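Chemist: I'd like to go over a predicted model; first the sequence, then the structure.
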Amino acid sequence: MQIAITGIGIVSALGIGAEANRKRLFAGGSALSRPAILSTIHGEWPVGEVPMTNAELAQLAGVQDKAYCRNVLLGLVALQQALVSAEIDEEDKKIMPLINGTTVGGMDITEQHYADWLRGNTDTLHWIRQHEAAETSRLLAQETGLDRAVTISTACSSALNALIHGAAMLRMGAVRQVVVGGTEAMTIFHLNGFASLGILSEHICRPFAEDRDGINLGEGAAYLVLEEAECARHRGAHIYGYIAGYANRCDAYHQTASSPEGDGAYAAMSATLDMAGVMPSQIPYVNAHGTATPNNDASEWRAIERLFGTKLPVVESTKPLTGHTTSASGSIEVVFSLFRMEQKQYEFALSNAFGFGGNDSSVLLSRHAVDLPENNQDGGLHTTNLYTSEGEKEYKTVIPAMQARRMTPLLRQLLVVAHEALSEAGISTPDGIVVGTRFGGMVPTEQLLSQLVETGEHDFSPAQFMNSTHNCAAGTLARSLQCRGYNTTVVSSSDTFAEAKNDAMLMLRTGTAKSMLVCSIDEIGDTWRQLLEAEQISVTNNVKAQVIWFD
Amino acid sequence: MEDLKLELKRQIIDVLNLEDLQPSDIDDAAPLFGEGLGLDSIDALELIMIMDKQYGIKFQNKEESKAALASIDTMAAYIQEYRTK
């Protein structure tokens, strides 16, 4: 089977829409500036803001009568464009899923009102529903008449892992059309979080340069309509390019730093080429993750050298133009890669997106159709019992003290139950790990939000920021188990374990893995619980683990 | 100086969640990073925050902070010389 790309929609600092982005991409020149829309005390770091206020975005999306967070508004504008450009008719939309990569959800609103909420002022508390990343996706699907939404949150590789989930659905034959991508609005929360890691540059960032000194934060959204190529040809759709291969791998090295040899990046890129049946020498162009931190670029460059040897392709990073659009960067840069492929008549373009937790993914785009491997994983599956944390289990035999110190109590319990499930399966290291969660690292998130209220935009703890991401648990499991295979985090407002299991089954059935550790972790603190209860939302703290595998 | 070292160890144990350690478990001269205590780059950022918040010390560059944060001995010596609060 072949996967065609039949629709694209994009908003970034470069502009609104595919044409505006293409023109400014080719013209070069940065769109970064001092923050004008985000209300922050930090003027020292250039950022890539989408040049429209929330009111203007709402007007453009035709939702001026509704109250949506910026993440939804950016996403909606890009998603509407993608569906229009693919000329999807209304009936087909009703059976078409959205696979959405995002992390911040409605954090921009939460951080504005959190002080009020803590004081017991509940006038604006209804906004807490939009805080959830999964709610961003649900609203996007609802506003555009799509069937349903799946949310993937693997930090800065979220949108690319959303694409991979969507492509796997097509290969399974579960759907014939799917829309994939990501959205991420800038927030004070993650601007200060990246600042705490000491990786924001005061200049326009310089990827792969000797004197590079960090990233610029950006925002934006991009979506792609993926379609069975036969279906696209049959309805006479315009085809922008094809998905020739993809892979998601884990560096399993450190929470934020990439390994010196670029192991995760190398594994993701080489597995992508393997899937496509293409040799490194056939690749003329790589859109690198290229964040311009000393660490990422050294590691990624090493991986590129290992893969391509002395015959290097053109390697480009578009981060100086748009800033690092974090969860949206994967799909934004796939769109840029399609533009470059068409402009330069490249046969292939490889696009990378890497995230904290060592979540490294690559996708190969092609100008001509490439047959993807048939899925042939129909054998019998084995499943262990479902392990959950009832009462507090002893963790010290499973987790070294230096690792345990940064984990919340439930994350420690997750590692224990994961080991129990693996032990029943007789598997020490699974091929892949999928974790479901509703709020991600909400306990450290609450602490940082309280700190914002008390002391303002100062002194964020880097350890707390790292642990606030949704994919913290999956990355921790990968490091603990030294699992360098598939690794993703699915976010859901309903049954987090069931959603994780759906993703795992998709990957097992399409040959990405022969064994999967499936987990869920839901852990919120007392403050957040009280706020949610005031809005009639109840959440149970718990962890689950199960192993599923083929013979 | 001994008081300062004890104070530093208590802060490090607290901020870095080294809950199983006592101040006496940390050797004044042993490296805090890598081979010794085994701290990592994120801990280094947390230590830089302690130096700023508690002692009013801002490092000019990575080499400076790396040298100052090598061990309890080097931290205490640096604080004594450069503290502004």
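Modeler: Great, that's in hand.
Chemist: how many residues are close by whichever residue of the stretch 251-400 of chain A sits closest to chain B?
Modeler: Taking CB to the nearest CB as the measure, the stretch 251-400 of chain A has residue A:257 as its residue closest to chain B, at 5.9 Å. Backbone N, C-alpha and C define where each C-beta goes, glycine included. Close neighbours of residue A:257, defined as other CB atoms under 10 Å in any protein chain shown, add up to 18.
Chemist: could you find the closest non-adjacent residue to it?
Modeler: residue A:295 (5.4 Å; CB to CB, 6 or more residues apart in numbering or on different chains).
Chemist: over to residue A:105?
Modeler: Counting by CB to CB, 6+ apart, the nearest residue to residue A:105 once its immediate chain neighbours are dropped is residue A:133, at 4.2 Å.
Chemist: and if you look at residue B:26?
Modeler: Counting by CB to CB, 6+ apart, residue B:9 is the residue found nearest to residue B:26 once chain neighbours are left out, at 5.0 Å.
Chemist: pLDDT value on the one you found, please?
Modeler: We note a pLDDT of 95 for residue B:9 in this prediction.
Chemist: in which helix or strand does the residue nearest the centre of chain A reside?
Modeler: Centrality entry for chain A: nearest residue to the mean C-alpha point is residue A:158, 0.8 Å, by CA atoms, centre = their mean. When secondary structure is defined by DSSP states H and E, residue A:158 falls within helix A:158-172.
Chemist: how about the residues of chain B that lie near chain A?
Modeler: B:16-20, B:38, B:40-43, B:45-46, B:48-49, B:52-53 (CB under 8 Å from any CB of the partner chain).
Chemist: buried subset of these?
Modeler: Neighbour-count burial (16 or more other CB atoms under 10 Å in any protein chain shown) applied to the residues of chain B next to chain A gives B:16, B:17, B:18, B:40, B:42, B:43, B:45, B:46, B:48, B:49.
Chemist: of these, closest to residue A:31?
Modeler: Nearest to residue A:31, judged by CB to CB, of those is residue B:45 at 29.6 Å.
Chemist: ok, that closest one touching residue A:193?
Modeler: No: the pair formed by residue B:45 and residue A:193 falls short of the contact definition of CB atoms under 8 Å, at 11.6 Å.
Chemist: which ones are touching residue B:75?
Modeler: The neighbours of residue B:75, taking CB atoms under 8 Å, 6 or more residues apart in numbering or on different chains as the test, are B:8, B:47, B:51, B:68, B:69.
Chemist: kindly report the same for residue A:296.
Modeler: Residue A:296 sits in contact with A:258, A:289, A:290, A:354, where contact means CB under 8 Å, 6+ apart.
Chemist: is the residue in the stretch 101-250 of chain A that chain B sits nearest to in a helix, a strand, or coil?
Modeler: When CB to the nearest CB is the measure, the stretch 101-250 of chain A has its nearest residue to chain B at residue A:198, with 5.9 Å between them. Reduced to three states with DSSP: H, G, I helix; E, B strand; the rest coil, the structure at residue A:198 is coil.
Chemist: grab the nearest non-local neighbour of it.
Modeler: With CB to CB, 6+ apart as the measure, residue B:45 is the residue that lies nearest to residue A:198, at 5.9 Å, once sequence neighbours are left out.
Chemist: kindly provide the distance from the one you found to residue A:548.
Modeler: Using CB to CB, to the nearest Å, residue B:45 is found at 38 Å from residue A:548.
Chemist: any idea which element residue 75 lies in?
Modeler: As the question left the chain open, I've gone with chain A. Element membership of residue A:75 [criterion: DSSP H and E] is helix A:70-85.
Chemist: I was after chain B.
Modeler: Using DSSP H and E, residue B:75 falls within helix B:72-82.
Chemist: list the buried residues of that helix.
Modeler: By neighbour count, with 16+ other CB under 10 Å as the criterion, the buried positions of helix B:72-82 are B:72, B:74, B:75, B:76, B:78, B:79.
Chemist: return the nearest residue of chain B with respect to chain A.
Modeler: Closest contact between chain B and chain A, by CB to the nearest CB, is at residue B:17 (4.0 Å).
Chemist: what touches both of residue B:45 and residue A:193?
Modeler: Counting by CB under 8 Å, 6+ apart, the contacts common to residue B:45 and residue A:193 are residue A:462.
Chemist: so which strand or helix has residue A:440?
Modeler: With DSSP H and E as the criterion, the answer for residue A:440 is that it lies in no helix or strand.
Chemist: check the gap between it and chain B for me.
Modeler: Between residue A:440 and chain B the distance, using CB to the nearest CB, to the nearest Å, works out to 18 Å.
Chemist: residue A:97: what's it in contact with?
Modeler: Contacts here follow CB under 8 Å, 6+ apart; on that basis residue A:97 touches A:141, A:146, A:147, A:148, A:149, A:150, A:166, A:169, A:175, A:178, A:179.
Chemist: let's see the pLDDT reported for the residue nearest to the residue nearest to the centre of chain A when sequence neighbours are not counted.
Modeler: If the residues on either side of it in the chain are set aside, residue A:158 comes closest to residue A:101, at 3.1 Å by CB to CB, 6+ apart. Here the pLDDT value assigned to residue A:101 is 98.
Chemist: and if you look at residue A:28?
Modeler: According to the prediction, residue A:28 has pLDDT 87.
Chemist: what's the answer for residue A:194, then?
Modeler: Residue A:194 is assigned 96 on the pLDDT scale.
Chemist: check which helix or strand it maps to.
Modeler: When elements are assigned from DSSP H and E, residue A:194 belongs to helix A:188-196.
Chemist: what about the residue of the stretch 401-550 of chain A found nearest chain B, how many residues nearby?
Modeler: In the stretch 401-550 of chain A, the residue found nearest to chain B is residue A:405; the distance is 4.0 Å by CB to the nearest CB. Other residues within reach of residue A:405 by the criterion other CB under 10 Å amount to 17.
Chemist: can you tell me which residues contact it?
Modeler: Shown in contact with residue A:405 (CB under 8 Å, 6+ apart): B:16, B:17, B:18, B:19.
Chemist: how about those residues in CSV, adding secondary structure and distance to residue A:21?
Modeler: Conversion of the contacts of residue A:405 to CSV gives the following (DSSP: H, G, I helix; E, B strand; the rest coil; distance: CB to CB, whole Å):
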residue, secondary structure, distance to residue A:21
B:16, coil, 44
B:17, coil, 44
B:18, coil, 48
B:19, coil, 50
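Chemist: what's the following helix or strand after whichever strand or helix holds residue A:498?
Modeler: Under the criterion of DSSP H and E, residue A:498 resides in helix A:496-509. On the C-terminal side of helix A:496-509, the closest following helix or strand by DSSP H and E is strand A:515-522.
Chemist: can I get the CA coordinates of that next one in PDB?
Modeler: Presented in PDB, the C-alpha positions along strand A:515-522 are these (Å, rounded to 0.1, in the frame of the first residue of the first chain):
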ATOM      1  CA  SER A 515       6.200  -7.000  22.200                       C
ATOM      2  CA  MET A 516       4.800  -3.900  23.900                       C
ATOM      3  CA  LEU A 517       4.700  -2.700  27.400                       C
ATOM      4  CA  VAL A 518       1.400  -0.800  27.800                       C
ATOM      5  CA  CYS A 519       0.900   1.400  30.800                       C
ATOM      6  CA  SER A 520      -1.100   4.300  32.100                       C
ATOM      7  CA  ILE A 521      -0.300   6.800  34.800                       C
ATOM      8  CA  ASP A 522      -2.800   9.300  36.300                       C
END
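Chemist: ok, residue A:278 touching residue A:368?
Modeler: No: Residue A:278 sits out of contact with residue A:368 when judged by CB under 8 Å, with a separation of 11.6 Å.
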